[in-house]
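> Using only what follows, build the 3D model:
(chains A, B, C and D)
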There are 4 protein chains.
Amino acid sequence: MAEISGFYVVAQTTFTDTGALDLGSLDSLCDFYIRHGVQGFTALGVSGEAFRLTVSESLAVAERYIARCEGRPVIIGTSNASIAHLVDMTHRVMDMGATGVMIAPAAGLRTETDLKNYFAQVFDGIGDTPVVLQDFPAATGVHMSVASMAALVADHPSICAIKHEDAPSLPKLTRLLEAMPRPVPILTGSNAQYLPEELRRGAEAPMAGFSFPEVLARIDALHRAGDEDGVDEIFASFLPLIRHEAQGVWGLAVRKEIMRRRGAMRSGFMRAPAPRLDRYDMAEIDRLLTLLARRSDMVSPDLVGCGHV
Amino acid sequence: MAEISGFYVVAQTTFTDTGALDLGSLDSLCDFYIRHGVQGFTALGVSGEAFRLTVSESLAVAERYIARCEGRPVIIGTSNASIAHLVDMTHRVMDMGATGVMIAPAAGLRTETDLKNYFAQVFDGIGDTPVVLQDFPAATGVHMSVASMAALVADHPSICAIKHEDAPSLPKLTRLLEAMPRPVPILTGSNAQYLPEELRRGAEAPMAGFSFPEVLARIDALHRAGDEDGVDEIFASFLPLIRHEAQGVWGLAVRKEIMRRRGAMRSGFMRAPAPRLDRYDMAEIDRLLTLLARRSDMVSPDLVGCGHV
Amino acid sequence: MAEISGFYVVAQTTFTDTGALDLGSLDSLCDFYIRHGVQGFTALGVSGEAFRLTVSESLAVAERYIARCEGRPVIIGTSNASIAHLVDMTHRVMDMGATGVMIAPAAGLRTETDLKNYFAQVFDGIGDTPVVLQDFPAATGVHMSVASMAALVADHPSICAIKHEDAPSLPKLTRLLEAMPRPVPILTGSNAQYLPEELRRGAEAPMAGFSFPEVLARIDALHRAGDEDGVDEIFASFLPLIRHEAQGVWGLAVRKEIMRRRGAMRSGFMRAPAPRLDRYDMAEIDRLLTLLARRSDMVSPDLVGCGHV
Amino acid sequence: MAEISGFYVVAQTTFTDTGALDLGSLDSLCDFYIRHGVQGFTALGVSGEAFRLTVSESLAVAERYIARCEGRPVIIGTSNASIAHLVDMTHRVMDMGATGVMIAPAAGLRTETDLKNYFAQVFDGIGDTPVVLQDFPAATGVHMSVASMAALVADHPSICAIKHEDAPSLPKLTRLLEAMPRPVPILTGSNAQYLPEELRRGAEAPMAGFSFPEVLARIDALHRAGDEDGVDEIFASFLPLIRHEAQGVWGLAVRKEIMRRRGAMRSGFMRAPAPRLDRYDMAEIDRLLTLLARRSDMVSPDLVGCGHV
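Modelled structure (predicted):
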């Protein structure tokens, strides 16, 4: 049984400036993440642009992360409108050496009975593959009650973690922790916007993306060391940028641009439908980085002014 | 340029009783459709269970219909959440010899600007592949105005037909016909529930499914011959069953069961999430077929009582 | 405790040709319904244009139906985005002499826990007022599972009936009947499109609208008399029109136009946002009525050709 | 013509601990807002709990804000599922002396043609009443493109401002400013989460709520004085709390609790469906206020530890 613990980064997919998959950049991004303290990877999630790839590209991304992760666990998102396709992809990435898969309920599930039946069918196909159950109604349109999530955990022993990113995060997190029928780590997404409070309420760790992953790693470490004032301080410093990146697909474009400036990838290109950053967007990034460089030695002033519009 | 004309059947995908793809039944179903007067095929639409297959199964279904159709045109549905995947599948099925593809806008498109950009990106990938533009908001959640559909037709010369199944069908059909910037045939879905009125308002033909496809073929032929009383008579006779099959996924299970009884396929199995017909459902099918057998010589009484629950 | 039995008509609201409330026509419509066999009234539902009125107009409509119904039961729809408003309106119409109220869950309820809490709050405000629980997800966006509806019935003894119009109607109706924790009549809407099968599966009666309410009354009576062949025959005759009127707001405009032609109301006007029938729409109505007049002595040929566009 | 300028607070509705409307607290809240620098009021918006009131309560709230505002402008939200009701309420609050009304498109509008028709009908009823057009798709489900908003502004000269709270805020704000056919101030909501950037891109001012309205007033003033560093500094200090309150209905409960602690209202009660804050929620508020009290002399340490669970 997979044990999910520590900070999992929600990892990007990298493209060239003309939109081809760039596996070289994937390697450098993977190294960047490792260098900045991630303990595990979650690839091919919503912000990994899973829904902008072909099937063979998805498999190539999964394979590359697994090959490059230096033994760290790699969770692959395999949510799909087709259960048959989901099952097929799950078997393929597990054969490649993935640690487990992340699955969110398919759009269009309407009642909790439907939800229960859906996961019965999914697990019928994937057997005892370790599963991170993703609760992300903003993307799926499916709202799972605490009771129904607890029932899924009870029914399916191979659910090894929950990725919680329903809103509002905090009260539901507490209710989930109270309701779990067995110990299941809950990792939190929401682009880390509520991370300090989530950790204090009992979340295991972040499973989130940020252009400065070392900040999430440090918050996680400070929390484990009991230094809550330290948590609040670093969080407050970076919150203007955390908030800025937490603006959907456009925020993800901002994140990729900053990671490009940091040398983590050659291009911040996103596949359509996606925004192209303009000079206003770039000026804001410059300003936010300038302020951060003043406040934190984790941010280099070199990152300012190197955008290309 | 593909010319879409006449009755296109929305064709099913066939499975064994345990859920494996049954290509033998696909052949017999294809022959059944040809024998009963279809002029073209639309495969891998919503009611072709496209979202219950793996990619390789989808390709196998497309290939088989193309091989078996005896030269009739075959349109393949390639709508997908990922444009890259849609483009990839489109190229593959066109290479196999498909006549064109059917594309509905992806769930989540919010404004008409988004819609316009979406299709610009799609056509950027698929070039001049003939496209049937599908307007099916009940399935996609995307509502296209008449003006925006007309703009898509103007912008993209390879849109060769519209499959119209917005509701209510009739007033929008008239507005669409008035707004088209060039002659584009409009075929209608909605399980043929409004077919007589649609034809009289100027629809080209049905692009729909029904367990008695010969009825849709005959309605289409009677209309072309100007026999509107004949249209109304046969339509009224079959409307209780047409209406019965027009009940979403459950109605599709009814349709497959009746086609199984007619020998068109070995099993009416649908992949999950899908209903299993029970004895109440079977009794209703029996009653509807009994009534039809009394009224129409197109329905054999042998179809009654041969269900297995 | 209210006993809901027999055919309840979903009653319209009447306007003048310029959109003012026309209470005189409401009287004649009420008389028309009584003359054509309705046993009860449901006013201010979705197709009663409840969401196109002011509060004082809503109260005036409720009051007039109650005054004119000749002792028949009158259910008033009081669903509202605001529970406070719903409670206030419920008390007011009960004070006027309504038999009970019809309530659908408010748009935006997301989980079954939310649903349970919602009705706890509603019943906290309205006490033991008799309630028809309306299940109409196409209008509310709220999908109630059979289990959660059974729980509501168990928790709230003043739920005196269910108006069922989820789709597909038939399998859910059977599951509901099996799951009810106490005897609760289930009346069915869906514009009577599935009425014969619903009655045979155990529905109490229709709670639906149709421009020929005597047809629904006769189907209900034939079913009670055990004459299922009679049910099927009259249903099949009128199904082309039943289906035609079952097309949302546009279908309702068709229904009001036919009732205008029958003298039930002075104008078929609907308040915005609503369609205006054009000459194509009128020609279809003429054709449908012509066919019906040939087939059934319940339809007068005088109704043809008296539309004004 | 109303001129909307400066910081408008999105004002709350106040209740007693048992849920009755508390107009005395409304007075003290109004004074609190004035004391803390608001230039105008927007009452009966989503976070004013407009959808938890009766009609007479709504009118009482509007009347009280207008009476107590000391001559400042008061905008009243009158969005409603019923245009007739919206028009009726608009006339009533304008007769009371409101400056204008705020209107968001009704849920269920599907295409831009529908949107255009909807506002034509609304303005047909309300004439030249000054209107703040609210763009808040998270609440309405209606997504307005920049082009369609510009068309509404062109068609309806009495649109005197836009309340922009679509997400992501920033790129759409710039596109809106570029597209406006005449000068129309754009005020921004989103609980002030993106306020510095919004002001720099050309937003007129905030139209938002926050438990420390003086912070929004100061940010607005600093921006007008050209002190962008000052803007960033105070924004960064308060962002942990701004973000915390920006969590939907639960965040609003947090906001009301803090305003209760500040003496602005007697109770933070929210009407159902609404959260009740528990000890975890209170502990987080305490921690956030403690941190703020350390950083800013605008926050009194007395606010800590005075919650009651």
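
> May I have the secondary structure class of A:Glu198?
What DSSP: H, G, I helix; E, B strand; the rest coil gives for A:Glu198 is helix.

> Could you report the distance from it to A:Glu165?
Note on A:Glu198: its distance to A:Glu165, by CB to CB, to the nearest Å, is 10 Å. (C-beta placed from N, C-alpha, C; glycine too.)

> anything in contact with each of those two?
Counting by CB atoms under 8 Å, 6 or more residues apart in numbering or on different chains, the shared contacts of A:Glu198 and A:Glu165 are A:Thr188.

> can you tell me if the helix or strand bottoming out on mean pLDDT in chain A touches chain B.
When each helix and strand of chain A is scored by mean pLDDT, DSSP states H and E, helix A:137-140 comes last, with a mean of 94. No. Helix A:137-140 is not in contact with chain B by CB under 8 Å from any CB of the partner chain; minimum separation 9.1 Å.

> touching chain B at all, the following helix or strand past that helix?
Using DSSP states H and E, the helix or strand that follows helix A:137-140 in sequence is helix A:146-155. No. If you take CB under 8 Å from any CB as the test, helix A:146-155 misses chain B, and the best it gets is 15.4 Å.

> swap in stretch A:241-251?
No. Stretch A:241-251 lies out of reach of chain B by CB under 8 Å from any CB, never closer than 10.4 Å.

> Any chance you could list what contacts that stretch?
A:190-193, A:209-212, A:235, A:252, A:254-255, A:258, A:270, A:273-275, A:281, A:284, A:288-289, A:292, D:167-171, D:193-194, D:197, D:239, D:243.

> mind saving the C-alpha coords of that stretch as CSV?
The C-alpha coordinates for stretch A:241-251 follow below in CSV (Å, rounded to 0.1, in the frame of the first residue of the first chain):
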residue,chain,number,x,y,z
LEU,A,241,2.2,35.9,-5.4
ILE,A,242,0.4,32.8,-4.2
ARG,A,243,-2.9,34.7,-4.6
HIS,A,244,-1.8,36.0,-8.0
GLU,A,245,-1.1,32.5,-9.3
ALA,A,246,-4.4,31.1,-7.9
GLN,A,247,-6.4,32.7,-10.7
GLY,A,248,-7.3,29.6,-12.8
VAL,A,249,-5.7,29.0,-16.2
TRP,A,250,-4.4,32.6,-16.4
GLY,A,251,-2.7,32.2,-13.0
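
> Can you list the buried residues in it?
For stretch A:241-251, burial by neighbour count (16 or more other CB atoms under 10 Å in any protein chain shown) applies to A:241-248, A:250-251.

> For A:Ile103, grab phi and psi.
When read as degrees, to the nearest 10, the backbone of A:Ile103 gives phi -130, psi 130.

> Looking at the buried residues of stretch A:241-251, spot the one nearest chain C.
Nearest to chain C among those: A:Gly248, at 20.0 Å, using CB to the nearest CB.

> For the closest one, give me phi and psi.
Torsion angles, degrees, to the nearest 10, at A:Gly248: phi 60, psi -140.

> A:Val9 now?
The phi/psi pair for A:Val9 (degrees, to the nearest 10) reads phi -90, psi 140.

> quick one: contacts for it?
Taking CB under 8 Å, 6+ apart as the test, what A:Val9 contacts is A:33, A:38, A:40-42, A:207-209, A:213, A:216.

> A:Val153 now?
A:133, A:159, A:162, A:180-182, A:184.

> Surely A:Met144 touches A:Lys116?
No. Using CB atoms under 8 Å, A:Met144 is not in contact with A:Lys116; the gap is 10.4 Å.
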